[in-house]
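Asker: This is the structure alone, sequence omitted:
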């Protein structure tokens, strides 16, 4: 979508490694809102800045569709992997 197209896994990994649930993450080049989406999914607060109105609208749409994962979603995934 944006010129810097990357998987949501990249910001999610950085966010999970460098912050705690409830922390505030600042993204000064928000683009399509992948960092904001990763923050919501991992229960972080976020502030996003973007000057391109087209990307602001894309980010708003993505953010509205995003829901937090359960607090123990990592444990559930690990249990599923162990049970296989």
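Answerer: That came in fine, so what should we check first? Computed from a predicted structure; not experimentally measured.

Asker: Where does pLDDT dip in the chain?
Answerer: Under the criterion pLDDT under 70, the flagged ranges of the chain are 1-3, 71-84.

Asker: The same query, at a cut-off of 90, please.
Answerer: Regions of the chain meeting the criterion pLDDT under 90 cover residues 1-7, 66-84.

Asker: what are the ranges of the strands in it?
Answerer: With DSSP state E, the ranges of strands along the chain come out as 24-27, 45-48.

Asker: would CSV of these with mean neighbour count and distance to residue 38 be doable?
Answerer: For glycine as for every other residue, the C-beta is placed from the backbone atoms N, C-alpha and C. Converted to CSV, those look like this (neighbours: other CB atoms under 10 Å; distance: least, CB to CB, whole Å):
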stretch, mean neighbour count, distance to residue 38
strand 24-27, 15, 8
strand 45-48, 16, 9
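
Asker: Redo these as JSON lines? Include distance to residue 64.
Answerer: Below are the strands of the chain laid out as JSON lines (distance: least, CB to CB, whole Å):
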{"stretch": "strand 24-27", "distance to residue 64": "17"}
{"stretch": "strand 45-48", "distance to residue 64": "14"}
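
Asker: among those, which is nearest residue 68?
Answerer: strand 45-48 (11.4 Å; CB to CB).

Asker: residues touching residue 33, list them.
Answerer: By CB atoms under 8 Å, 6 or more residues apart in numbering, the contact set of residue 33 is 48, 55, 58, 59, 60, 62, 63.

Asker: Sort out which of the residues you listed are in helices and list them.
Answerer: 55, 58, 59, 60, 62, 63 (DSSP state H).

Asker: Please pick the buried ones from these.
Answerer: 55, 58, 59, 62, 63 (16 or more other CB atoms under 10 Å).

Asker: Dump those residues to JSON lines, plus distance to residue 24.
Answerer: As requested, these are exported to JSON lines (distance: CB to CB, whole Å):
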{"residue": "55", "distance to residue 24": "21"}
{"residue": "58", "distance to residue 24": "22"}
{"residue": "59", "distance to residue 24": "17"}
{"residue": "62", "distance to residue 24": "19"}
{"residue": "63", "distance to residue 24": "16"}
